[in-house]
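# model the structure of this input:
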Amino acid sequence: MKSSSTHQVSFANTDLSIKIDCGDTLLGGILRAGIGVPYECNAGGCGSCKYKLVQGIVADDLEDTAGLRVSDKRKNKHLACISRPQSDCVVDFKLDPQYTPKNIPGNTPATLHSFEKLTHDLWEFRFDSVGPAHFLPGQYAKISLPDVHGPRSYSMSNVANDEGKWLFQIKKVVGGAVSEVLFKDSLKNLNITIDAPYSIAHLKSESQRQAICIAGGSGLAPMVSILHGITQLEHVKPDPILYYGARNCRDVVDKSYFNTISGFRPDDQYIPVVSEPAQSDNWAGATGMVHDFLKTQLEDAVCDYEYYLAGPPPMVDAVRRHLVLERGVPVEQLHYDRFF
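Alright, predicted model coming up:
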């Protein structure tokens, strides 16, 4: 008997029921059905997409993950981003309309076009797809590469376009499976699959507030996308500011890179902050942890801004604590992605 190519997934205490393709994650299938449920990292690290399996069988991509405690497992809880239905299922999941996708995520094949070295270990890769690249400024994609087990999440650094151009900033990780494939000067003819778009931490085009973008490491990519997106808005916004936290001087992206952003003045609007400058670097710019630097730089009228954050969880969480708990910024004005 031929097995079904889909599984029926029903939501406990509702009349809602959808079909999810075999092999797709529960989260992917839900979002592809146009339904909003909480999520963030899409990689098992944050725990935002936790749900209870009421009935049925699922297979988890990862046995141990930071987003799921031992006590959660005892209660038959799973993470939707890394679990795949193996039968018809009933799930107890919190629905949240704010996560309803504006662009339904889908899979598209793409081919490497070129790459640019932004720093010694942060490169920007351009991939081209046959169809258009539809996403909102600040969103990310799940990328599947040949000979690499499982997809990886990377933010786009450009904006939507009909030409099918996708730009990703990826940081080299010593011994990393993705780095072994990508970080080669001779790299060419690489075919990948892009599953996108994801994230609600995108540009809020309806907001009239000035944007403050705060990034660390490869968290720069979605901030660059947002800065490009601001230039495309019909209504004029005040000049956005970009704070970029780097460990040392060689991790700082040169300001000339930002000349491609229409109307953006790197000398005035780009503020790199180096946490561990060496004496030999002769660094004359801002120093310290970026969240500590912000405490001295942000004006009293902190609630007049829209904040976009991306980077390592400790950095993002520290900035959130300062803005919300210490400065009273409404949580609705903070939009963030933590890079687990």
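
# now stretch 55-66: buried residues?
By 16 or more other Cβ atoms under 10 Å, the buried positions in stretch 55-66 come out as Gly56, Val58, Asp60, Asp61, Leu62, Thr65. Quick note: C-beta positions are derived from backbone N, CA and C, even for glycine.

# can I get it in PDB, CA atoms only?
Coordinates of each C-alpha in stretch 55-66 appear next as PDB, following Å, rounded to 0.1, in the frame of the first residue of the first chain:
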ATOM      1  CA  GLN A  55      -1.900  12.500  19.500                       C
ATOM      2  CA  GLY A  56       0.200  11.000  16.700                       C
ATOM      3  CA  ILE A  57       3.900  10.500  16.000                       C
ATOM      4  CA  VAL A  58       6.600  13.100  15.100                       C
ATOM      5  CA  ALA A  59      10.300  12.700  14.400                       C
ATOM      6  CA  ASP A  60      12.600  15.400  15.900                       C
ATOM      7  CA  ASP A  61      15.600  16.500  13.800                       C
ATOM      8  CA  LEU A  62      17.600  17.100  17.000                       C
ATOM      9  CA  GLU A  63      17.600  14.900  20.100                       C
ATOM     10  CA  ASP A  64      19.000  17.600  22.400                       C
ATOM     11  CA  THR A  65      18.400  21.300  21.900                       C
ATOM     12  CA  ALA A  66      18.700  24.500  24.000                       C
END
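
# what's the average pLDDT for it?
Averaging the model's pLDDT scores along stretch 55-66 yields 93.

# how far does that stretch sit from the chain's center?
Between the centre of stretch 55-66 and the centre of its chain there are 22 Å (Cα atoms, centre = their mean, to the nearest Å).

# how about low-confidence regions in this structure?
For the chain, the stretches flagged by pLDDT under 70 are 1-4.

# domain map for it?
Domain assignment of the chain by automatic domain parsing yields the ranges 6-99, 106-198, 210-338.

# could those domains go into CSV alongside distance to Lys204?
Below are the domains of the chain laid out as CSV (distance: least, Cβ to Cβ, whole Å):
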stretch, distance to Lys204
domain 6-99, 12
domain 106-198, 9
domain 210-338, 6
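
# pick the one among the buried residues of stretch 55-66 closest to Val274.
The closest of the buried residues of stretch 55-66 to Val274 turns out to be Thr65 (Cβ to Cβ; 32.2 Å).

# where's the closest one relative to Asp96, distance?
21 Å (Cβ to Cβ, to the nearest Å).

# for Ile192, same thing?
Separation of Ile192 from Asp96 (Cβ to Cβ) stands at 30 Å.
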